[in-house]
Each structure stands twice: as structure tokens, then as C-alpha cells.
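Chemist: I would like the atomic coordinates for the input below:
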Amino acid sequence: MLRGVGPVFRVVRKMAASGAEPQVLVQYLVLRKDLSQAPFSWPAGALVAQACHAATAALHTHRDHPHTAAYLQDLGRMRKVVLEAPDETTLKELAETLQQKNIDHMLWLEQPENIATCIALRPYPKEEVGQYLKKFRLFK
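Modeler: I've put the predicted structure just below:
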């Protein structure tokens, strides 16, 4: 049995028995758009890797949280939303806000350069974190 799945299964089953819909959990990522443009001009694969590193780190770091356990229980229904930050300053400001509001997240730093590239939140119901992310648009 997967770690932490038992209690989550009981919660989902209880919700289904009561007729309540289980919460939709979303993992939000905010990736720096400027890294794809001059003077950086990182290839698409490098940017995707940064988002993957941040997402994996956030899931691992918060693996014992009930939302993360529920999110990982049904791999076919995982939802991720990738948003864009215009630059490193904006990304770091978001990280500070999330920290102040006690929103679990991971700020990924590319090494050895120590460049902030992406923020990944642990899975959340969108209603809990939407207010902090509404100014960011989908990554294009």
C-alpha cells in the first residue's frame, strides 16, 4: 500500500457516501518567461526541466500532506497549471508572498549559478491559492 493512502481513501470514500464531490487539487508552477528570450535564450527542454525539478521537489518535500497524498493517489487525474513570471524579481517576490502567507511551495534554484527559475506549490484546491496567482497568465 502506498504511504498515506489509507486515510485519504477513507476521506474520499466518506465524501462520496455523503454525496459531496472530492476537492479538485491542482499543482501550480510559475516559470520564468525571460529565460526563453534573449539574452538568456534557454531551449524549451531546459525550461521544461526546471519546471519538472520544481514540481518533483515540491511533491517530495510535502509528501506527507493529505492534499499531496490525495493528488498522488490517482495519477491519471493529476492537474498542473504552468504560469509565467516575467523575470527573476517577480518570481522572488511571489516566493516571499507565499512564504508570508504560509503557502507550501518550492523555489527551484538552478545550480551552480544559483538562478531562481521556477516556483512549484504543493497540490492545493485552487480556491486556497488563486488570489496569489491571479496576476500570472498561462505560460506560452
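
Chemist: partner strands of the helix or strand containing Val26 and their direction?
Modeler: Secondary structure assignment for Val26, by DSSP states H and E: strand 25-32. Within its sheet, and counting by DSSP bridges, strand 25-32 is paired with strand 80-85 (parallel), strand 115-121 (antiparallel), strand 124-125 (antiparallel).

Chemist: then that strand to CSV, C-alphas only?
Modeler: Extracted as CSV, the C-alpha positions of strand 25-32 are listed here (Å, rounded to 0.1, in the frame of the first residue of the first chain):
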residue,chain,number,x,y,z
LEU,A,25,-6.4,19.6,-6.4
VAL,A,26,-4.1,21.5,-8.7
GLN,A,27,-0.3,21.8,-8.6
TYR,A,28,0.6,25.3,-9.8
LEU,A,29,4.0,26.1,-11.2
VAL,A,30,5.3,29.6,-12.1
LEU,A,31,8.2,29.6,-14.6
ARG,A,32,10.3,32.5,-15.7
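
Chemist: and that strand, how far out from the chain middle?
Modeler: 4 Å (Cα atoms, centre = their mean, to the nearest Å).

Chemist: other residues contacting that strand?
Modeler: 47, 50-51, 54-55, 58-59, 67, 70-71, 78-88, 91, 94, 116-126, 129, 133, 136, 139 (Cβ atoms under 8 Å, 6 or more residues apart in numbering). In short, each C-beta sits where N, CA and C put it, glycine included.

Chemist: how about Met106, secondary structure?
Modeler: Recorded secondary structure, Met106: strand (DSSP: H, G, I helix; E, B strand; the rest coil).

Chemist: chain neighbours aside, what residue packs nearest to it?
Modeler: The spatial neighbour of Met106 that comes closest, neighbours along the chain excluded (Cβ to Cβ, 6 or more residues apart in numbering), is Ala58 at 4.0 Å.

Chemist: for the helix or strand containing that neighbour, what is the average pLDDT?
Modeler: Here Ala58 sits within helix 44-61, counting by DSSP H and E. The average pLDDT for helix 44-61 rounds to 98.

Chemist: that one packs against which elements?
Modeler: Here helix 44-61 touches strand 25-32, helix 66-73, strand 105-110, strand 115-121, going by 3 or more Cβ pairs under 8 Å, 6 or more residues apart in numbering; DSSP states H and E.
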